[in-house]
Structures are given as C-alpha cells and as structure tokens.
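A.B. asks: Sequence plus the predicted model coming up.
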Amino acid sequence: MAATSLEQFSQSYRDTIDRLYSTSNAATWHVSRSSFASALWRSFDRRFGADTITLTRAEGVRFLDSIHAADLALAIGCRDGDADAWHHLVSTYRAPVDAFARAVLGNSTRASEIADSLWADLYGLRGNDGDRRSPLEHYGGRSSLMSWMRVVVTRLEADRWRATRRMEPLDEQHDGNSGLTVNGTDSPDPDRAKLMAALERSIRAALDELSTDDRLRLSYYYVQELTLAQTAVLIGEHESSASRNLARARTAIRECVTRTLRREYHFSDDQIDQCFEYATGDWPFDLGRMLALGK
C-alpha cells in the first residue's frame, strides 16, 4: 500500500497505529499519538523508501507489528524528557547494560566509564534552542531497546579505541590508512571518488538490512577485534554457529551491495569489481559508526 508521506501513512495504517499506540502504553510516558505515529513512519520509510509504492497492506502491517512498540514509546518519552520514562529506563536497563559493558571490555573501570558515557549521551545535551539532543532520536524500534543499547556501547568503545590510536605516532610506511583520500586527487583512477561514494551508500543500505545480532557479530569481530569464541559467548551461540553466521552476513552484504550498485547506480560488472577491489585494498570507511545506529 503506497504511503509516501507521514499523512498518507497515518491514513493508510490508522487502525494499526491506534492498536500499537494502545498496546505500547505510550500514554504512560505522556507520548502523544502523533509523536508515536511519526516515529513509526520514520522506521517505515527507512525500511521501505520508494518501495512503498508496490508494498501491499499486509506487508506494511506485518512490518509495523514487528516493531518493538513498547520500547519505542519508552524511547520517545525519554527523548522528550518525561521523568517517569527516564526513571523506568534507568531502573530497567542500567544493570544489564553495565553487565554487558563488563563482558565486552573485560575491565570493570573502563566498563563503568563507557556505561556512564552511554547514560549521559542518552540523556542528551541541550542545544541553543533549549531542546535536548539524544541518540534515542535514532532508535526506531526495529530491534529491542536492549539490543540497540548494546550496539551503542560497542560504538562508544570503538570511538574510545580510535581516539587512543589517534594519539599514537603513526608510521606512514605501515599505517593502513595513510595516503587514503575519498576525493580521488591522489588516485590515478578519476572515477574512484564516484565509485567509493556509491559503495559507501550501498554498504550502509546493506548493513541496515541486517538483524541486530548480525550487526553485533560484525562489530565484535571486525571492529572490536574479538575472537570467534568471544563473539560467540557474547551473542549466546556456539563458536561454529558464530562462524557460519558471520559468513552468511558477509555474503548477504556483498549480494545486497552488488544489487544496489547495479540497480540504483547502473554500474557495470567491471565497475562493481573495481569497487570491491578498492574496498579490499584500502578500507576508508568507519565500519563501527555504520554499525552503531539506525535500527
């Protein structure tokens, strides 16, 4: 069912929005129906985009029913500064988030620092307009709130690690990113900038299609550089399953990227191969940040 604007979406899925608003207990956190509908629309539009033109009503309803509506309502309440919502968030999630940070970092002091940073970030900073800015604005309910916070913790640690690395002297001969540019000025290939820009957008789209667990696996293994065994423990699966799931996720990403480059950018097979060659030789993208938010 076509829904290319918030107004069309609200009209087309009015009964579903009403049902989810009621079952989410959004009113408990003083979240208005319009705010709740707007959050659902952002997730809906992010998931389907232009594909909403060919979307059936059943497919749209099925997606909306997959949203963690109660978590989304709580996030909206916290984002908007409701004291009861914030108290509920902290009392419910502080302990498990702290435990997760300790499991990931293996250092209680650093884990506490990262967890404290998370809560400070979630509470948000007031801008010049007086409104608070919180990462909760990016939460769309497509994964559970706890899963989303795990991703944010991972991103914070990745940011801290990169900041530490930037303070260390770099050896231009051995630094893997030395000499990299994204504007093509240092490359003999004049098409490099165009290819890399399309590749980055295609990778972002592919990552957005992954499940939360797949995003966590990739983050643990490639960003945090944990072993397969450590990754498996954090996900809660056998090491062999973690290996298979990582391979499956990589295959899914490559297939999605290839499809996007071919359909949306009309790249030839040679151009697509060149994109992957660039990515294999010199990786200029911030994978940690790509994985961190957007679910």
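C.D. replies: Ah, there it is.
A.B. asks: Show me what whichever helix in the chain runs longest is packed up against.
C.D. replies: Of all segments of type helix in the chain, defined using DSSP state H, the longest is helix 239-263. The contact analysis (3 or more CB pairs under 8 Å, 6 or more residues apart in numbering; DSSP states H and E) places helix 239-263 against helix 192-208, helix 212-218, helix 228-235, helix 269-281. Every residue, glycine included, has its C-beta placed from N, CA and C.
A.B. asks: Report the mean per-residue pLDDT for the last one.
C.D. replies: Predicted confidence along helix 269-281 averages 75 (mean pLDDT).
A.B. asks: what comes up buried for it?
C.D. replies: For helix 269-281, burial by neighbour count (16 or more other CB atoms under 10 Å) applies to Gln271, Ile272, Gln274, Cys275, Tyr278, Ala279.
A.B. asks: Switch those over to TSV; also include distance to Arg244.
C.D. replies: As requested, those are exported to TSV (distance: CB to CB, whole Å):
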residue	distance to Arg244
Gln271	31
Ile272	26
Gln274	30
Cys275	26
Tyr278	28
Ala279	23
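A.B. asks: Of the residues you listed, which is the nearest to Arg94?
C.D. replies: For Arg94, the closest of the buried residues of helix 269-281 turns out to be Ala279, at 38.8 Å, with distances computed as CB to CB.
A.B. asks: so the closest one touches Ala198, yeah?
C.D. replies: No - with contact defined as CB atoms under 8 Å, Ala279 and Ala198 do not form a contacting pair (11.6 Å).
A.B. asks: pLDDT below threshold where in the stretch 51-200 of the chain?
C.D. replies: When residues are selected by pLDDT under 70, those of the stretch 51-200 of the chain lie in 125-132, 158-190.
A.B. asks: Tell me the helices and strands packed up against the helix or strand hosting Arg19.
C.D. replies: Using DSSP states H and E, the secondary-structure element containing Arg19 is helix 14-23. Contacts defined by 3+ CB pairs under 8 Å, 6+ apart place helix 14-23 against helix 33-48, helix 57-66, helix 69-79.
A.B. asks: now that helix, how far from the centre of its chain.
C.D. replies: 25 Å (CA atoms, centre = their mean, to the nearest Å).
A.B. asks: Likewise for stretch 79-93?
C.D. replies: Relative to the chain's own centre, stretch 79-93 is displaced by 22 Å; criterion: CA atoms, centre = their mean.
A.B. asks: how about it: buried residues?
C.D. replies: Neighbour counts over stretch 79-93 (16+ other CB under 10 Å) mark Arg79, Asp80, Asp82, Ala85, Trp86, His88, Leu89, Tyr93 as buried.
A.B. asks: what does the helix holding Arg19 rub up against?
C.D. replies: Contacts of helix 14-23 with the rest of the structure, by CB atoms under 8 Å, 6 or more residues apart in numbering, involve 10, 27, 33, 36-37, 40, 60-61, 64-65, 67, 69-70, 73.
A.B. asks: Can you select the buried ones from those residues in PyMOL?
C.D. replies: One line in PyMOL is enough to select the buried ones among the contacts of helix 14-23; burial here means 16+ other CB under 10 Å:
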select buried, resi 10+36+37+40+60+61+64+67+69+70+73
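A.B. asks: For the contacts of helix 14-23, work out which two are farthest apart.
C.D. replies: Ala27 and Gly60 (24.1 Å).
A.B. asks: tell me, how many neighbours does Glu113 end up with?
C.D. replies: Using other CB atoms under 10 Å, Glu113 has 16 other residues around it.
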